[in-house]
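Need the 3D shape of this:
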Amino acid sequence: MTNFISSAPPAHKVTAEILRHVVEYFEHLEAQKKTLADEQKELLTMAKANGYDTKVIRKVIAIRKRDAEDYAEESAVIEMYLEGLGM
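Take a look at the predicted model:
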């Protein structure tokens with residue numbers, strides 16, 4: 001993160017400069033997020049064009065983000081419930 005305070009001009013000037021830098025940096029990060037989201041969308045479009053199920057890809061990504069132990073426990077409970085329903 002950028003250091004916003006360099007010297008000690010009057011307090012209102014420092015506040016205005018810091019605020020402007022914060023807002024501009026935030027806008028920069030928002031632009032980066034949009035670029036990344038567009039790239040992710042394009043990647044999934046290419047995957048779909050190659051025959052992959054994008055809903056499943058999204059689920060796999062979500063599972064990979066989770067703690068393996070928590071996911072294993074949830075999967076076991078789901079399996080037990082499905083068996084209980086005769087599925």
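
Would you map the helices across this protein?
Using DSSP state H, the helices of the chain run over 11-49, 54-65, 68-84.

Can I get those helices in CSV including mean neighbour count and mean pLDDT?
Backbone N, C-alpha and C define where each C-beta goes, glycine included. Compiled in CSV, these are given as follows (neighbours: other C-beta atoms under 10 Å; pLDDT from 0 to 100):
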stretch, mean neighbour count, mean pLDDT
helix 11-49, 11, 94
helix 54-65, 11, 97
helix 68-84, 10, 97
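
Tell me, domain by domain, which residues of the chain belong where.
Recorded structural domains for the chain (assignment: automatic domain parsing) are 7-51, 53-87.

Start and end of the shortest one, how far apart?
The one in question is domain 53-87. As for domain 53-87, its first-to-last residue distance stands at 23 Å under the measure C-alpha to C-alpha, to the nearest Å.

swap in stretch 46-54?
OK, stretch 46-54 end separation, C-alpha to C-alpha: 10 Å.
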